[in-house]
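below are the sequence and a predicted model for it; my questions follow.
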Amino acid sequence: MGNRIPDEIVDQVQKSADIVEVIGDYVQLKKQGRNYFGLCPFHGENTPSFSVSPDKQIFHCFGCGAGGNVFSFLRQMEGYSFTESVSHLADKYQIDFPDDITINTASRPDSSGEQKMAEAHELLKKFYHHLLMNTKEGQDALDYLLSRGFTKELIDEFEIGYALDSWDFMTKFLAKRGFKEELMEKAGLLIRREDGSGYFDRFRNRIIFPIHDHHGAVAAFSGRALGDQQPKYMNSPETPLFHKSKLLYNFHKARLQIRKQERAVLFEGFADVISAVSSGVKESIATMGTSLTEEHAKILRRNVEEIILCYDSDSAGYEATLKAVDLLMKKDCKVRVAIIPDGLDPDDYVKRYGGEKFKNDIINASVTVMAFKMQFFRKGKNLSDEGDRLAYIKSVLKEISALSGSLEQEVYLKQLAAEFSLSQESLAEQLAVFSKQNGPGQNNRETQTRRAHITTKARQKRLRPAHENAERLLLAHMLRDRGVIKKVLDRIGFEFNLDEHRALAAYLYALYEEGAELTPQNAMSKLQDDTISQLLSDILMLQINQELSEAELSDYVKKVLNHRKWSMIKEKEQERAEAERQKDFLTAASLAQEIITLNRSLK
């Protein structure tokens, strides 16, 4: 681990690091009472059970049990070591970190290789941008972008660049700076020649768009061809840095705006995002050449509830919208759809009609999912024709029958009846037929499953054995009152029944002997075991009386010590029964006497 971080540095970092702010970079938190709540980033859930306490500077999930302080959050979220967690936060809060502390990342698979990959991406991003903005070789690319409505300010904001029309310029450029070609191929920057004689540049004569991960580091590139190259767009391949199923373009910049606007606008491509941002829609993000994935949906739901989908208006865009709607609604997102007219994609619409009209008439005029479907069903139909009209009404009724809420169904039935001068009763009869064919709504089944899961979790927590609850309450009082630690040490010592309780008690005994201050922050700061950190966060969340009476203390101690005796009695009863079966009556009698003695000690 290198040299040990001085305690005063750890304490300074922890006091400076606001756990709500740090976790807020990953999870949308809303204040409820004294604590903040959000969706847990460590397990899938649709109802917030993840709590952050600014007073105690700890987090705890009541669903999966994850918990700890700001350091253990980063360890669990990012895979950091304790030293890396402290170093990261010291840098974030501008605290001097000792130069002689070695941050050892060797335990991570290929961590040194990934670091070199990241350095190469950052270097190339800057060089590509320089070539575009400051060289004659990049002038044609710059002229093209300006002709497409890009401003120099927008080019700088998104750090757009240009890759030279050369087979090996970047290959040599990286090699001269000590980057190994084999590793750069793994990073997706170079391609090995078929004859094995060397490598060549992946991106040539292309406008380069950097792709950042959610922390703002460059993870990949996307290149748009300037000439007749195919494909028109080329993205970096999947690499240790770039996982397109988990990455959302522009998320690192849009995150704060998403929180501020309380919505995210999701596009299919980065060109649409850039146009949308130039139009004032700063909360814009996009998937990277792939359909929306469950991982994308989880990331979005942790940060915001409302998602506006703005996909292309053709058939493929419609199908992609429906798939995204289904995935997002399963995560309990509120989904709306921004509809692009005239068969245009978002980027083309902005170029034709301008950013202000795009923001006001498209994004801010987004509609419900049902309204979007109804509008799509109208395409290609002449509603003056009886056949087309009936086909449209049936299509809409089928969609209404799939809605889980009776109120929603009634709203759209009334709308349909008024539009075509039909009786609501006749539409309701046909709706009942479709509803019967569909069977119980999927949404209802999923809701019941979630409720059953939550009920089961709650029941499991209520059914903790008496001795376990007693140990937890003793530990909670020990964390609040140094005097209780001495009493528990004298009466129970290390005789806790659960291993993790015994470990936490031993830790508190040590802090007591050191004379350390027993605040939640101090107790948590020196723990590097995530299991004990989680237990400690759970214990700190317990509601207990301000003072522990002698009667209450004696009752807890009795339950803890008696449980071990009950366990011994059960074991000896089994041994006695076995001795009797073996006709070893002398041993059986001796065991019976031991059982009597143990039973008497319980009183």
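Looks like it arrived, so ask away. Here the structure is a predicted model, which is why all the values come from computation and not from measurement.

can you tell me how far residue 527 sits from residue 508?
Distance from residue 527 to residue 508, counting by C-beta to C-beta, to the nearest Å: 11 Å. Just so you know, the C-beta spots here come from the backbone N, C-alpha and C atoms, and that holds for glycine as well.

now do the shared contacts for those two.
Counting by C-beta atoms under 8 Å, 6 or more residues apart in numbering, residue 527 and residue 508 have no shared contacts at all.

what residues are up against the closest residue to residue 49 other than its chain neighbours?
Closest residue to residue 49 in three dimensions, ignoring its sequence neighbours and counting by C-beta to C-beta, 6 or more residues apart in numbering: residue 63, at 4.0 Å. By C-beta under 8 Å, 6+ apart, residue 63 lies in contact with 40, 43, 45, 49-50, 457.

doesn't residue 63 lie inside a helix?
No - counting by DSSP: H, G, I helix; E, B strand; the rest coil, residue 63 falls outside a helix, being coil.

and residue 388, how many neighbours?
14 (other C-beta atoms under 10 Å).

ignore the last one, residue 583
Neighbours around residue 583, by other C-beta under 10 Å: 7.

backbone dihedrals for it, both of them.
phi 60, psi 30 (degrees, to the nearest 10).

just the one 5 residues further on next, same as before
Dihedral angles phi and psi of residue 588 (degrees, to the nearest 10) take the values phi -60, psi -40.

who's the closest spatial neighbour of it, skipping the chain neighbours?
Going by C-beta to C-beta, 6+ apart, residue 588 has residue 579 as its nearest residue, at 4.0 Å.

shouldn't the one you found be in contact with residue 587?
Yes - between residue 579 and residue 587 there is a contact under C-beta atoms under 8 Å: 4.3 Å.

higher neighbour count, those two?
residue 579 (18 against 14).

where does that one land in three-state SS?
Going by three-state DSSP: residue 579 is helix.

how near is it to residue 586?
Residue 579 sits 8 Å away from residue 586, going by C-beta to C-beta.

how about residue 26?
With distances taken as C-beta to C-beta, residue 26 is found 66 Å from residue 586.

same deal with residue 310?
Where residue 586 is concerned, residue 310 sits at a distance of 85 Å (C-beta to C-beta).

the more surrounded of the two?
The neighbour count for residue 310 versus residue 586, taken as other C-beta under 10 Å, is higher for residue 310 (29 against 8).

so what's the closest residue in space to that one that isn't next to it in sequence up against?
Residue nearest to residue 310 in three dimensions, not counting chain neighbours: residue 338, with 4.1 Å by C-beta to C-beta, 6+ apart. When contacts are counted by C-beta under 8 Å, 6+ apart, residue 338 touches 265, 308-310, 362-363, 365-366.

per-residue pLDDT, residue 338?
Note for residue 338: predicted pLDDT of 96.

just residue 521 next, same as before
In this model, residue 521 is scored at 77, pLDDT.

does it touch residue 54 like I think?
No - with contact defined as C-beta under 8 Å, residue 521 and residue 54 do not form a contacting pair (11.0 Å).

picking that back up, from residue 531, how far out is the residue nearest to residue 49?
Residue 63 sits 17 Å away from residue 531, going by C-beta to C-beta.

and if you look at residue 153?
Here the distance between residue 153 and residue 531 works out to 50 Å (C-beta to C-beta).

same check on residue 378?
58 Å.

equivalent analysis for residue 382, please.
Taking C-beta to C-beta, one finds residue 382 at 67 Å from residue 531.

likewise residue 187?
35 Å.

higher neighbour count, those two?
Using other C-beta under 10 Å as the criterion, residue 187 and residue 531 rank with residue 187 on top: 28 against 14.

is it true that the more buried one touches residue 121?
Yes - at 7.1 Å, residue 187 and residue 121 qualify as touching, with contact defined as C-beta under 8 Å.

any residues in contact with both of those two?
residue 241.

just name the shakiest helix or strand of the protein by mean pLDDT.
Using mean pLDDT, DSSP states H and E, helix 442-462 stands out as the lowest-scoring helix or strand of the chain, at a mean of 44.

pretty sure residue 23 is touching residue 52, no?
Yes - assessed by C-beta under 8 Å, residue 23 is found in contact with residue 52 at 5.5 Å.

mutual contacts of these two, please.
Counting by C-beta under 8 Å, 6+ apart, the residues touching both residue 23 and residue 52 are 29, 38, 59.

run the chain-centre distance for stretch 262-281.
21 Å (C-alpha atoms, centre = their mean, to the nearest Å).

over to stretch 533-542?
In terms of C-alpha atoms, centre = their mean, the centre of stretch 533-542 is found 22 Å from the chain centre.

tell me the mean pLDDT over that stretch?
Per-residue pLDDT values over stretch 533-542 give a mean of 88.

which other residues reach it?
Against stretch 533-542 from outside (C-beta under 8 Å, 6+ apart): 51, 53, 56, 58-60, 62, 65-69, 72, 472-473, 475-476, 479, 500-501, 504, 520, 523-524, 527.

among the residues you listed, which lie within strands?
51, 53, 58-60, 67-68 (DSSP state E).

just the terminal-to-terminal distance for stretch 146-163.
Chord length of stretch 146-163, first to last residue, is 17 Å (C-alpha to C-alpha, to the nearest Å).

in it, what counts as buried?
150, 155, 158-163 (16 or more other C-beta atoms under 10 Å).
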